[in-house]
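Student: Sequence and computational prediction follow.
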Amino acid sequence: MESKRKIAIASASLLALLIPLKAAFFSGPKVKVVRVERRDLTAQVYGNGTVEAKVVVGVSSKITGRIVELYADQGDRVKRGRLLAKLENQDFAEQLRKAQATLELASRNARRYRSLAEKNLVSRLEAEQYETADRVAAAEEAAARARLDDTLIAAPEDGLIISRNLEKGAIVTPGQGIFSLVDPKTVWVKANVDESLLRGVAVGRKALISLRSEPGRQFPGEVVRVGHESDRVTEELVVDVAFTPPLKDFHLGEQADVSIIDETRTAAPSLPSAAFVSRGKTRGVWVIAGKRLEFRTVVAGAEDGRGFTEIVSGLDDGERVALAPPAVSGKFTDGMKVRAAR
């Protein structure tokens, strides 16, 4: 009898343990429930991209020559006209000296024969031949001086040198870049913005820019150009956002995020942004109908910096939506049972 009583107690204890486990197993995972509510949102349109320069100027040589001196390096700020490099120029200097000597002689002969022609001691035709020789010598002297000047390479405009592509001793050819120069005022973020978020994005809108190199810091910016052709694969459009004021230090190609500030939405239906999930290219939420899940495609609007997203269409006020970590929501399926977390 004692043995049977112990077995009965053990069975009852096991049953008491299994009942809640069974209920938990068949009633599905716990999820936090959020509802569509109306809130005042400060709309911010998000995009990500890279820091780029509107114009990168290549500083190059007009002639072939060997670099004998470099007067600037990557990271230097230069003014227009500053000497940046010098090419070997002994031959050009010698050519100029010869051209100057020839010009001096030609000018002296032209003056002398002009004077003689005025006194009718030589013919006008002969004097004109010497004047022509003087003009030819002047042109040759100017060309020789220009070739010598071409061995001195100066900055074409104010800017920041972002790269030095050749070193002392290298042979440079016409058009080959020695330096790359950008004007900091032309540096901006080329941000990719989803087509569905473009409403309200326009030139002149204020923005905030975050750089990967300085997490937690935001730089003021302004939309300066909005593209007119979307990427047919990503369905995104390029929006150029300038730094205001221009950055003093920057790295072209650096990853950046932008938040373009739109107008305030008053009493806009919204959900926590974390409730949105993606299925392929479709964005939506998991609606709780009864105790089961149903994926609902939703058109999202403006995103508020506090973590809320406007609902343009797809949901009604008060509808219940599941909110769960990605590791959990990634396993959701239509019709799955869930329990509301308390």
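Tutor: Now that the structure is in, tell me what you want to look at.
Student: following the helix or strand where Val321 lies, which helix or strand shows up next?
Tutor: Taking DSSP states H and E as the definition, one finds Val321 inside strand 320-323. Downstream of strand 320-323, the first helix or strand assigned by DSSP H and E is helix 326-329.
Student: buried sites along that following helix?
Tutor: Ser329 (16 or more other Cβ atoms under 10 Å). C-beta: built from backbone N, CA, C; applies to glycine.
Student: Kindly report the same for stretch 228-237.
Tutor: Of all the residues in stretch 228-237, those buried under the rule 16+ other Cβ under 10 Å are 230, 236-237.
Student: Could you do stretch 306-323 as well?
Tutor: Buried, per 16+ other Cβ under 10 Å, within stretch 306-323: 308-311, 314-315, 319-323.
Student: Among those residues, pick out the one closest to Ser273, please.
Tutor: Closest approach between the buried residues of stretch 306-323 and Ser273, by Cβ to Cβ: Thr309, at 4.6 Å.
Student: The closest one touches Leu271, doesn't it?
Tutor: Yes - between Thr309 and Leu271 there is a contact under Cβ atoms under 8 Å: 6.1 Å.
Student: and the top helix by length along the chain, which residues are buried?
Tutor: The longest helix of the chain (DSSP state H) is helix 90-118. For helix 90-118, the neighbour count (16+ other Cβ under 10 Å) marks 92, 95-96, 99, 102-103, 106-107, 109-110, 113-114, 117 as buried.
Student: Sheet-wise, list the partners of the helix or strand hosting Lys190 with their directions.
Tutor: Assigned by DSSP H and E, Lys190 falls within strand 187-194. If you go by DSSP bridges, strand 187-194 pairs up with strand 37-53 (antiparallel), strand 236-243 (antiparallel).
Student: between the buried residues of helix 90-118, which is closest to Arg39?
Tutor: Using Cβ to Cβ, the buried residues of helix 90-118 come closest to Arg39 at Phe92, 73.1 Å.
Student: wouldn't the closest one be in contact with Ala146 here?
Tutor: No - in this structure Phe92 lies outside contact range of Ala146 using Cβ under 8 Å: 9.5 Å.
Student: any idea which helix or strand carries Ala72?
Tutor: For Ala72, there is no enclosing helix or strand under DSSP H and E.
Student: Apart from its chain neighbours, what residue comes closest to it?
Tutor: Sequence neighbours aside, Leu84 is the residue nearest to Ala72 in space, at 4.8 Å (criterion: Cβ to Cβ, 6 or more residues apart in numbering).
Student: Which residue ranges of this structure form helices?
Tutor: Under DSSP H, the chain gives helices at 2-27, 90-118, 124-149, 326-329.
Student: pLDDT weak spots in the stretch 201-342 of the chain?
Tutor: Counting by pLDDT under 70, the stretch 201-342 of the chain contains low-confidence ranges at 342.
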